[in-house]
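Student: quick one, fold the following:
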Amino acid sequence: MPAHRRLNYTAIGIEHVGTSDQEILGNKRQLQASLSLNLWLARRFHIKLENIIGHNESLSSPYHHELYKSWRCQTHGDWVRSDMMIFRKDLKARAKRYGINLGAQPKLRATGC
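Tutor: So this is what the prediction gives:
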(Lines give C-alpha, C1' and ligand atoms only; values in the text may rest on other atoms or scores of the structure.)
Protein backbone atom coordinates (compact mmCIF):
# COMPACT_ATOMS: atom_id res chain seq x y z
CA MET A 1 0.00 0.00 0.00
CA PRO A 2 1.36 3.48 -0.79
CA ALA A 3 2.44 5.74 2.06
CA HIS A 4 -0.45 8.09 1.40
CA ARG A 5 -3.94 7.83 -0.09
CA ARG A 6 -5.78 11.15 0.15
CA LEU A 7 -8.57 10.76 -2.41
CA ASN A 8 -6.58 9.25 -5.26
CA TYR A 9 -7.80 5.75 -4.46
CA THR A 10 -11.41 6.68 -5.26
CA ALA A 11 -11.60 10.07 -7.01
CA ILE A 12 -12.11 11.05 -10.62
CA GLY A 13 -10.15 14.26 -11.18
CA ILE A 14 -11.31 16.81 -13.73
CA GLU A 15 -8.99 19.62 -14.74
CA HIS A 16 -10.23 22.93 -16.11
CA VAL A 17 -8.31 25.50 -18.13
CA GLY A 18 -8.02 28.79 -16.28
CA THR A 19 -6.19 30.62 -13.55
CA SER A 20 -9.13 30.99 -11.16
CA ASP A 21 -12.50 29.52 -10.29
CA GLN A 22 -14.17 32.69 -11.55
CA GLU A 23 -12.44 32.45 -14.92
CA ILE A 24 -13.81 28.94 -15.35
CA LEU A 25 -17.29 29.79 -14.05
CA GLY A 26 -17.32 32.73 -16.48
CA ASN A 27 -16.27 30.65 -19.50
CA LYS A 28 -19.65 29.49 -20.79
CA ARG A 29 -18.36 26.85 -23.20
CA GLN A 30 -15.98 25.28 -20.70
CA LEU A 31 -18.55 25.44 -17.90
CA GLN A 32 -21.22 23.76 -20.03
CA ALA A 33 -18.78 21.02 -21.05
CA SER A 34 -17.79 20.49 -17.42
CA LEU A 35 -21.41 20.31 -16.27
CA SER A 36 -22.17 17.77 -19.01
CA LEU A 37 -19.17 15.65 -18.10
CA ASN A 38 -19.91 15.79 -14.38
CA LEU A 39 -23.54 14.86 -14.95
CA TRP A 40 -22.56 11.92 -17.17
CA LEU A 41 -20.03 10.69 -14.59
CA ALA A 42 -22.53 11.13 -11.74
CA ARG A 43 -25.15 9.12 -13.59
CA ARG A 44 -22.74 6.46 -14.85
CA PHE A 45 -21.07 5.87 -11.47
CA HIS A 46 -23.99 6.76 -9.15
CA ILE A 47 -22.17 9.75 -7.64
CA LYS A 48 -24.28 11.99 -5.43
CA LEU A 49 -24.00 15.77 -5.48
CA GLU A 50 -22.47 15.78 -2.00
CA ASN A 51 -19.50 13.84 -3.38
CA ILE A 52 -18.80 16.23 -6.24
CA ILE A 53 -16.19 18.43 -4.63
CA GLY A 54 -13.52 20.96 -5.50
CA HIS A 55 -9.85 20.62 -4.62
CA ASN A 56 -10.25 22.99 -1.68
CA GLU A 57 -13.00 20.81 -0.20
CA SER A 58 -10.97 17.60 -0.26
CA LEU A 59 -10.25 17.56 3.48
CA SER A 60 -13.97 17.57 4.28
CA SER A 61 -14.71 14.51 2.14
CA PRO A 62 -15.58 11.35 4.08
CA TYR A 63 -13.37 9.54 1.56
CA HIS A 64 -10.25 11.56 2.45
CA HIS A 65 -7.78 9.24 4.18
CA GLU A 66 -4.24 10.52 4.42
CA LEU A 67 -1.96 8.00 6.02
CA TYR A 68 1.13 10.22 5.93
CA LYS A 69 0.68 12.43 9.02
CA SER A 70 2.53 15.53 7.80
CA TRP A 71 0.32 15.66 4.68
CA ARG A 72 -2.99 15.06 6.47
CA CYS A 73 -4.13 18.68 6.39
CA GLN A 74 -2.70 19.75 3.04
CA THR A 75 -5.03 20.63 0.20
CA HIS A 76 -5.27 22.90 -2.84
CA GLY A 77 -6.56 26.46 -2.95
CA ASP A 78 -8.73 26.14 -6.04
CA TRP A 79 -12.43 25.46 -6.23
CA VAL A 80 -13.39 26.86 -2.85
CA ARG A 81 -16.72 25.92 -1.27
CA SER A 82 -18.59 29.07 -2.37
CA ASP A 83 -17.64 28.51 -6.01
CA MET A 84 -18.46 24.81 -5.80
CA MET A 85 -21.88 25.71 -4.37
CA ILE A 86 -22.50 27.69 -7.59
CA PHE A 87 -21.22 24.82 -9.74
CA ARG A 88 -23.29 22.22 -7.89
CA LYS A 89 -26.40 24.41 -8.09
CA ASP A 90 -25.99 24.58 -11.89
CA LEU A 91 -25.29 20.84 -12.02
CA LYS A 92 -28.38 20.04 -9.96
CA ALA A 93 -30.55 22.21 -12.24
CA ARG A 94 -29.17 20.42 -15.31
CA ALA A 95 -29.78 17.03 -13.67
CA LYS A 96 -33.37 18.00 -12.88
CA ARG A 97 -34.00 18.80 -16.57
CA TYR A 98 -33.02 15.21 -17.37
CA GLY A 99 -34.91 13.65 -14.46
CA ILE A 100 -31.75 12.73 -12.54
CA ASN A 101 -31.78 13.04 -8.76
CA LEU A 102 -28.30 13.87 -7.46
CA GLY A 103 -29.37 14.51 -3.88
CA ALA A 104 -28.56 17.51 -1.72
CA GLN A 105 -25.61 19.89 -1.48
CA PRO A 106 -22.94 18.61 0.93
CA LYS A 107 -23.06 19.58 4.58
CA LEU A 108 -20.02 21.10 6.20
CA ARG A 109 -17.90 18.43 7.87
CA ALA A 110 -15.20 19.03 10.45
CA THR A 111 -11.77 18.23 9.05
CA GLY A 112 -9.72 18.12 12.25
CA CYS A 113 -7.21 20.48 10.63
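
Student: so P62 makes contact with R109?
Tutor: Yes: applying Cβ atoms under 8 Å, one finds P62 in contact with R109, separated by 7.0 Å. The way it works is simple: take the backbone N, C-alpha and C, and place the C-beta from them, glycine included.

Student: and those two? Which one has more around it.
Tutor: More crowded of P62 and R109, by other Cβ atoms under 10 Å: R109, with 13 against 9.

Student: how about the more buried one, secondary structure?
Tutor: Of the three states, R109 takes coil under DSSP: H, G, I helix; E, B strand; the rest coil.

Student: which ones are touching it?
Tutor: By Cβ atoms under 8 Å, 6 or more residues apart in numbering, R109 lies in contact with 60-62.

Student: the same query, at a cut-off of 10 Å, please.
Tutor: Applying Cβ atoms under 10 Å, 6 or more residues apart in numbering to R109 gives the contacts 50, 57, 59-62, 64.

Student: so what does it have for phi and psi?
Tutor: phi -130, psi 130 (degrees, to the nearest 10).

Student: how far away is it from N51?
Tutor: As for R109, its distance to N51 is 12 Å (criterion: Cβ to Cβ, to the nearest Å).

Student: can you check which residues contact both of these two?
Tutor: Common neighbours of R109 and N51, using Cβ under 10 Å, 6+ apart, are 61-62.

Student: can you list the weak-confidence ranges in the protein?
Tutor: Residues of the chain meeting the criterion pLDDT under 70: 1-5.

Student: and with 50 instead?
Tutor: For the chain, the stretches flagged by pLDDT under 50 are 1, 3.
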